[in-house]
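1. When you get a sec, could you give me coordinates for this:
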Amino acid sequence: MKSPVHLNALRAFEASARHQSFSAAAAELNVTPAAVGQLVRNLEEWLGAPLFHRGASGRTRLVLTEAAEHALPDIRAGFDRLALGLERLKEGVADSSVLTVTVSPAFAAKWLLPRIDRFQAAWPDMDVRLETSLKPVDFIARRIDIGVRYGMGSWPGLVADKLMDEEVYPVASPERLRGPQRLRKPNDLARETLIHDLSMEGHAGFPSWNAWLKKADATGVATSRGMKINNSAAVLQAAIEGHGVALARSVMARDDLAAGRLIRLFPDIAFTSPLAYFVVYRPERANLPGLVAFREWLFKEAIA
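-> Coordinates of the predicted model:
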């Protein structure tokens with residue numbers, strides 16, 4: 001059972017069991033149904049026992065025997081281990097001067113990219129390959145070294161080191177605040193267009209206008225209307241351009257506030273997000289020199 005022929009037979013068996021069909025397995029493996037059937041028969045001959053109860057007709061023509069059903073989880077686990085081993089082989093021969101980093105598009109635009117030159121100046125021989133995605137990516141499949149994620153701090157298979165907490169507060173452009181009666185108290189928001197951040201809509205704990213207004217004891221402010229945007233960087237840009245009042249996340253808004261492009265409203269009202277930023281990486285990659293350097297740099301930048 002050590003030859004590639006038997007490995008192919010096991011793959012044909014696993015695919016046939018999953019699809020309950022030689023034809024569907026053949027389509028997945030890019031061979032003919034006859035080839036899949038022959039591989040399975042070869043395996044059965046080697047074992048001296050059938051693997052399927054074969055039906056002459058009907059939607060499900062292949063039904064696993066009891067012995068095959070018991071063995072199938074171990075076979076699938078074996079293929080998963082083989083795939084993981086191949087990925088680690090790829091990593092072992094990969095260019096160690098390239099560091100692949102995953103972050104959200106908004107975090108890249110508003111926090112990472114304005115600072116990345118400092119890392120590259122300190123590590124001129126290290127090339128950063130940046131992958132941006134709103135959704136978590138598979139670190140093994142995408143060959144990701146390290147990333148920054150926003151959430152509660154738990155992602156299966158990854159170490160998560162807290163990088164930064166975050167406050168949430170309303171912001172507006174200086175031009176929008178001109179005039180003696182503009183936004184002196186939270187209830188004044190009832191006269192403004194609210195800009196909503198939908199980048200993590202539905203995520204437990206993601207701060208909303210309703211949550212901030214409750215914290216501020218504001219009444220009479222309708223939150224069902226306004227401008228709705230699914231990118232945190234674009235939310236801030238809309239506020240900078242004077243389209244309304246945005247509920248800003250402090251990490252994203254830090255540079256815009258420092259530059260005077262935005263002004264924080266009601267600074268006496270403190271509202272900390274239950275979510276935070278975490279540096280994430282696979283535990284088996286923790287000692288990769290480039291990863292260690294980038295992780296340390298992220299923490300230095302976070303407290304700067």
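
2. tally of neighbours for the residue lying closest to residue 269 once chain neighbours are set aside?
-> Nearest non-adjacent residue to residue 269, counting by Cβ to Cβ, 6 or more residues apart in numbering: residue 216, 5.1 Å away. C-beta: built from backbone N, CA, C; applies to glycine. Per other Cβ atoms under 10 Å, the neighbour tally for residue 216 reads 20.

3. And for the one 3 residues further on?
-> Residues within reach of residue 219, counting by other Cβ under 10 Å, total 9.

4. low pLDDT regions in the stretch 1-150 of the chain?
-> Scanning the stretch 1-150 of the chain for pLDDT under 70 picks out the ranges 1-5, 56-60, 87-96.

5. switch to 80 and redo it
-> Scanning the stretch 1-150 of the chain for pLDDT under 80 picks out the ranges 1-6, 55-61, 83-97.

6. helices and strands around the longest helix along the chain, which ones?
-> Counting residues, the longest helix found in the chain (DSSP state H) is helix 66-93. If you count contacts as 3 or more Cβ pairs under 8 Å, 6 or more residues apart in numbering; DSSP states H and E, helix 66-93 packs onto helix 4-19.

7. which residues touch the residue nearest the centre of the chain?
-> Geometric centre of the chain, nearest residue: residue 136, 1.3 Å, by Cα atoms, centre = their mean. Residues counted as contacts of residue 136 (Cβ atoms under 8 Å, 6 or more residues apart in numbering) are 149, 155.

8. re earlier: my guess is the residue nearest to residue 269 contacts residue 267, does it?
-> No. With contact taken as Cβ atoms under 8 Å, residue 216 and residue 267 are classed as non-touching, separated by 11.8 Å.

9. so how far is residue 233 from the spatially closest residue to residue 63 that is not a sequence neighbour?
-> In space, and not counting its chain neighbours, residue 63 is closest to residue 53: 4.4 Å by Cβ to Cβ, 6+ apart. To residue 233, residue 53 is 57 Å away according to Cβ to Cβ, to the nearest Å.

10. Neighbour count for these two, which is higher?
-> Neighbour count, other Cβ under 10 Å: between residue 53 and residue 233, residue 233 has more, with 20 against 12.

11. And the pLDDT for the more buried one?
-> Residue 233 is assigned 94 on the pLDDT scale.

12. Correct me if wrong: it contacts residue 112.
-> No. Here residue 233 does not reach residue 112: they are 11.3 Å apart, not a contact under Cβ under 8 Å.

13. Give me the secondary structure label for residue 270.
-> coil (DSSP: H, G, I helix; E, B strand; the rest coil).
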